[in-house]
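Colleague: Just the structure for this:
(2 chains)
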Amino acid sequence: MSSDTDNAYAAGYEKRRRELRDAIASRLTVEQHSIWSIHAAMRAAPPAEALNRIVERGIREVEGGAGELAGGPFETLPAMALLCRWQSKLPPEAVARIKRLFVGGVQERGNTENHWLMFYVGNLLAAERWSEEDALWNGLSPTAIREEATRWLRGMIERTALYGHHEYDSTWYHLEHLLGWIVLSDHAADASLRDEARKMLDLLVLDMALEYFHGAWAGGHSREGYRMNTQTRLGPVIPLQYLYFGGEEFQPEVHVHPWAAIALESGYRPPAMLADIAWDYATPHAVKKTRAPRTIYRHANRDAAPVRKYTWRSPSFALGTTQLGLPGAPAGPIDLTSWDLSWNAPNQQGKLVCNHPYRSPGRFSAFLCDLPQISRRTIGQGKPYLQFPDRLFGASPFERMMQHQGTAIVLYRIPPDDEAPYVNVFLPRGLAWVERGRWLMADAGKLFIAVWVIGAYRWDEIVETSGNPFMVTQGDLVDGWLLKVETLDCGLILEAVESAEAGSFTAFCDRRAALVPELHGWPADGRVAVQTTTGHRLQMSYDGPHLVDGEPIDYDAWPLYEAPWAKAAVGTGRIHLKRSGTSHDLDFRVDPSGPHLPMRVIG
Amino acid sequence: MTIPLDSWLVGSRGLYHGSPRGPWIRQGARQYAVLSLCRAADATYVGATGGLWEVRGETWTQRHDETLTEVLAVGLVQGDPGVIAGCPYGVALPALSRGGAWRWSFLDQGLSPDERFTCCLLPDPVELTRVWAGTEAGLFAIDLDRRIAHATNLSGTPVRSLAAAHGSLWAGTDTRGVWKLAEGGGWHPAGAGLSADAVFSLAPAADGLLLAGTSRGVAVGDGDGSWMLCGPRLLVSSLAVTLPATAEERGTWLAGASPGGLWCSLDRGEQWAHIPGHAYVRALAAPLPRPRKETR
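Modeller: Below you'll find the predicted structure:
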């Protein structure tokens, strides 16, 4: 990449940084800021009293305690980020309160990877800053805390570099991961750890770039629950995608999240090539990724296999699917979305997904330590939507899929005694669907879509809202058509094509309708095959091989990364990026022979 | 304040000590979700969702590291530090590090996820190098010297509770009620009427009786005859009992439910009284015996 290009990226980056910072600062009065967002206002030197109140609100006392301060990951990281960045501008009372949290406070570590990252970054920085104390909040010396935190952080770096990110590609939690490494890269005392943190940041930004699509994150996600996966753009990660990738006009209502303020003062800026990769889908291409196995520690006689993702980015659509590697029922991670078709359209009009709303109580206790007999109720009380019958997210142990370019086959074999003996298919309302010979086809402008539902279905609608306990009239969470597929052995075949390549919609419909899926082997033999309108043949066995044009897909040989500009093999710790003659290599210098820090978190 | 030896311990959202008639005092400010307790004369080990803590007086000291979390079981063994822990990732033993922190190593080689998931631990009262581990896959006997877990004939069902009582060892299972270790080795069902019940907790009572915490309340039996249910129909996740000190006393039975909180019986289960203040009680510990005063 030329220095001109690099300079242009840097200039654009600075412009976006100012836009975001000014937007966050202008949306809130000083008093309304949190310890996350106040970074955006610190250059204006807020009054000391306001800063003290912000820190007091951010770090509260234990209820019923003797004045001890309480905090978890969502306090430890922003507290140290604020102190490390702005200590010269913080009043002594605020500094003292942050110190109290780490010297005599009560802290919790959490149970997901982003929790532990924020917790250990905050505690590492605290141990470095207050290294002269005899002991910190947990009775351990600052040295012991620093060593533990460093082991975990380096262990996470190694695992990610070798086997893929654990809490992978989450529209919800990727922001926390980025912020954790940002704070570490800016403030850790150890230069080598700062360097490793910057490499991790490049890797996490690469993860976004490879599946970026018109301002959204396409494909499968480890954690995209909360009933938002039919939205076109979602997740608190959006501001950092805008910051790092640019490529569109600033839209405060879309691009602003107050927590991103921490990143806006960071010295970290990704390589310019990642922004180019993010916006380069003019030529259709496949992106392959391996992600770390899911944490399934109960109700299983084998460990989960690695997660393998395949995403096809085309100019007008992105289709992504996942081989989840789950060890069988009742493992079904609750927040996971395994596949979707997405295109650039208004909210709720640019997604197509299907899901088996698996409800077994065992799916909670497969990765949570609560008693299996009560976990459904204890988890369900806090998140009732995890049990909704119309649920469109969350993994099912009975789901299998394969994909080649713009075509995917998704199959289900649901046991007769399952509590949810059906599959939900979401279709956007805004398309005029045509039904021909069981194909449902739609002209979405720049793309044509064809869907074949395997099994008996009925056409319904879904409207879900985040508010209004009395009457749901508008669906700010989910709003579309819902096909209920009420056959136990069912599925979906989907093909998306560029309309510019397919000729007219009528011609596409003619070609698609003429190629009937081969279903004579389903469900008895567990086999389905389909010919695509672009001349390929997909053959899928439910628990057997997946073939494209007669060649089996070798998932065991799946790369860590494979895309036109990225190459990495699993287990090497080396990622090679190259674009337009410019290379950017990430070598984490990991000894693949181990031993490696075991994964002890969910997510 | 140091926890008095004659205090009961309740592990719920925090560690509480007191007596059934009150008051109950939370030990320190921590409100961790407590999963297990182990009481020594001078310290209490608290297994919580976030890890393992050693409580001495008002001081809570972290004893987990970056590999130990969700401590469902904790026990005392020989050696230094002399603690063993069980969690979803297996059974682990600590070693002291240079800076005084504990570093844990796991006995998990060759085990499946269910075989690693450890629900309860019981150091053998006779064989000091053996620890019994109840897992999601069944009961294992751990050889501490060789650091190997041996499967037993109690397999194919989760084992959620273990107890040493009346000269024998007892195990509570998810699908087969209570089992007992026979004199010749090998485990067999104990008593009648619980064969299909889940047993979450066990505690010895007076007169050769054993209490079993089930999903339908407290079951009382001697392991030979029928088990008799008593008390509210709670999922009894923890039990603790004091034996009567005199012929006139009847002892105290404490039952922790999930959910349902804390319940107490002073008349061997005829009547149970709810003690407000808790919703889920996963761990209980009875008062420690008073140290005998030397007499001249």
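
Colleague: quick one, what contacts residue 57?
Modeller: Going with chain A. The contact partners of residue A:57, by Cβ atoms under 8 Å, 6 or more residues apart in numbering or on different chains, come to A:34-35. Heads up, the C-betas are built off the backbone N, CA and C, glycines and all.

Colleague: nope, chain B please
Modeller: B:1-3.

Colleague: out of those residues, who has the most neighbours?
Modeller: Ranked by the number of neighbours (other Cβ atoms under 10 Å in any protein chain shown), the contacts of residue B:57 place residue B:3 first, at 24 neighbours.

Colleague: how about the spatially closest residue to it that is not a sequence neighbour, phi and psi?
Modeller: Distances taken as Cβ to Cβ, 6 or more residues apart in numbering or on different chains place residue B:17 nearest to residue B:3, at 4.8 Å, with adjacent residues excluded. Main-chain torsions, residue B:17, degrees, to the nearest 10: phi -140, psi 150.

Colleague: Residue B:17: neighbouring residues, count only.
Modeller: 22.

Colleague: And residue B:271, by the same measure?
Modeller: As a burial measure, residue B:271 scores 11 neighbours (other Cβ under 10 Å).

Colleague: circling back: please report the distance of the residue nearest to residue B:3 from chain A.
Modeller: Separation of residue B:17 from chain A (Cβ to the nearest Cβ, to the nearest Å): 15 Å.

Colleague: That residue touches residue B:23, doesn't it?
Modeller: No. Using Cβ atoms under 8 Å, residue B:17 makes no contact with residue B:23, being 9.8 Å away.

Colleague: mind checking the backbone torsions on the spatially most central residue of chain A?
Modeller: By Cα atoms, centre = their mean, chain A has its centre lying nearest to residue A:170, at 1.2 Å. When read as degrees, to the nearest 10, the backbone of residue A:170 gives phi -90, psi 120.

Colleague: before we move on, back to that, what residues do residue B:17 and residue B:23 have in common as contacts?
Modeller: By Cβ under 8 Å, 6+ apart, no residue touches both residue B:17 and residue B:23.

Colleague: what stretches of chain B score poorly on pLDDT?
Modeller: B:290-296 (pLDDT under 70).

Colleague: That one: helices as residue ranges?
Modeller: Using DSSP state H, the helices of chain B run over residues B:113-116.

Colleague: Output the contacting helices and strands for the helix or strand harbouring residue A:411.
Modeller: Assessed by DSSP states H and E, residue A:411 sits inside strand A:407-413. Judged by 3 or more Cβ pairs under 8 Å, 6 or more residues apart in numbering or on different chains; DSSP states H and E, strand A:407-413 is in contact with strand A:318-323, strand A:399-404, strand A:489-498, strand A:527-531, strand A:537-541.

Colleague: of those strands, which approaches residue A:331 most closely?
Modeller: strand A:399-404 (11.6 Å; Cβ to Cβ).

Colleague: show me what contacts the closest residue to residue A:82 other than its chain neighbours?
Modeller: Among residues not flanking residue A:82 along the chain, residue A:35 sits closest, at 5.5 Å (Cβ to Cβ, 6+ apart). Residues counted as contacts of residue A:35 (Cβ under 8 Å, 6+ apart) are A:54-55, A:57-59, A:75, A:78-79, A:82.

Colleague: Got a ChimeraX select line for the buried ones in the residues you listed?
Modeller: Buried residues within the contacts of residue A:35, by 16 or more other Cβ atoms under 10 Å in any protein chain shown, are selected in ChimeraX with:
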select /A:54,55,58,59,75,78,79,82
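
Colleague: could I get the contacts of residue A:35 as CSV with pLDDT and distance to residue A:333?
Modeller: As requested, the contacts of residue A:35 are exported to CSV (pLDDT from 0 to 100; distance: Cβ to Cβ, whole Å):
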residue, pLDDT, distance to residue A:333
A:54, 98, 36
A:55, 98, 36
A:57, 97, 34
A:58, 97, 31
A:59, 98, 32
A:75, 98, 27
A:78, 98, 27
A:79, 98, 30
A:82, 98, 33
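
Colleague: which one of the contacts of residue A:35 is nearest residue A:179?
Modeller: residue A:78 (8.4 Å).

Colleague: In stretch B:219-235, which of the residues would be classed as buried?
Modeller: B:219-221, B:223, B:227, B:229-231, B:234-235.

Colleague: list the helices and strands the next helix or strand after the strand holding residue A:411 packs on?
Modeller: Scanning forward in sequence from strand A:407-413 by DSSP H and E, the next helix or strand is strand A:423-427. Under the contact criterion of 3+ Cβ pairs under 8 Å, 6+ apart, strand A:423-427 touches strand A:351-355, strand A:447-454, strand A:457-464, strand A:478-485, strand A:489-498.

Colleague: Which of those sits closest to chain B?
Modeller: strand A:351-355 (25.1 Å; Cβ to the nearest Cβ).

Colleague: and the stretch 1-150 of chain B, which residues reach chain A?
Modeller: For the stretch 1-150 of chain B, the residues in contact with chain A (Cβ under 8 Å from any Cβ of the partner chain) are B:26, B:29-32, B:35, B:49-51, B:59-62, B:65-70, B:72, B:87-89, B:97, B:99-101, B:106, B:112-114, B:116-117, B:136.

Colleague: Now with 6 Å, please.
Modeller: The stretch 1-150 of chain B comes close to chain A at residues B:29-30, B:50, B:61-62, B:65-67, B:69-70, B:88, B:99, B:101, B:112-113, B:117, B:136, as judged by Cβ under 6 Å from any Cβ of the partner chain.

Colleague: just to revisit the earlier point, adjacent strands (with direction) for the strand holding residue A:411?
Modeller: strand A:399-404 (antiparallel), strand A:489-498 (antiparallel) (DSSP bridges).

Colleague: Contacts for that strand, please.
Modeller: A:321, A:356, A:398-402, A:423, A:489-495, A:528, A:532, A:538, A:540, A:542 (Cβ atoms under 6 Å, 6 or more residues apart in numbering or on different chains).

Colleague: can you rerun that using 8 Å?
Modeller: A:319, A:321, A:339, A:341, A:354, A:356, A:396, A:398-403, A:423, A:454, A:488-496, A:522-523, A:526, A:528, A:530, A:532, A:536, A:538, A:540, A:542.

Colleague: Repeat that for stretch A:133-150.
Modeller: With Cβ under 8 Å, 6+ apart as the contact definition, stretch A:133-150 has outside contacts at A:101-107, A:120-121, A:123-124, A:126-128, A:130-132, A:190, A:193, B:59-62, B:65-66, B:97, B:99-101.

Colleague: and whatever residue of the stretch 301-450 of chain A ends up closest to chain B, how far is that from residue B:160?
Modeller: Minimum separation of the stretch 301-450 of chain A from chain B (Cβ to the nearest Cβ) falls at residue A:369, amounting to 4.4 Å. Remark: distance between residue A:369 and residue B:160 (Cβ to Cβ, to the nearest Å) = 12 Å.

Colleague: biggest helix in chain A by residues?
Modeller: In chain A, assigned by DSSP H, the helix with the most residues is helix A:3-27.

Colleague: Buried residues, it. List them.
Modeller: Neighbour-count burial for helix A:3-27 flags A:9, A:12-13, A:16-17, A:19-21, A:23-25 (criterion: 16+ other Cβ under 10 Å).

Colleague: and that helix, how far from the chain's centre?
Modeller: Put simply, helix A:3-27 sits 24 Å off its chain's centre (Cα atoms, centre = their mean, to the nearest Å).

Colleague: Please give the number of neighbouring residues around the residue lying closest to residue B:48 once chain neighbours are set aside.
Modeller: Spatial nearest neighbour of residue B:48, excluding adjacent residues (Cβ to Cβ, 6+ apart): residue B:32 at 3.8 Å. Residue B:32 has 21 neighbours, counted by other Cβ under 10 Å.

Colleague: Pull the contacting residues for residue B:32.
Modeller: Neighbours of residue B:32 in contact, by Cβ under 8 Å, 6+ apart: A:108, B:13-14, B:46, B:48-50, B:53.
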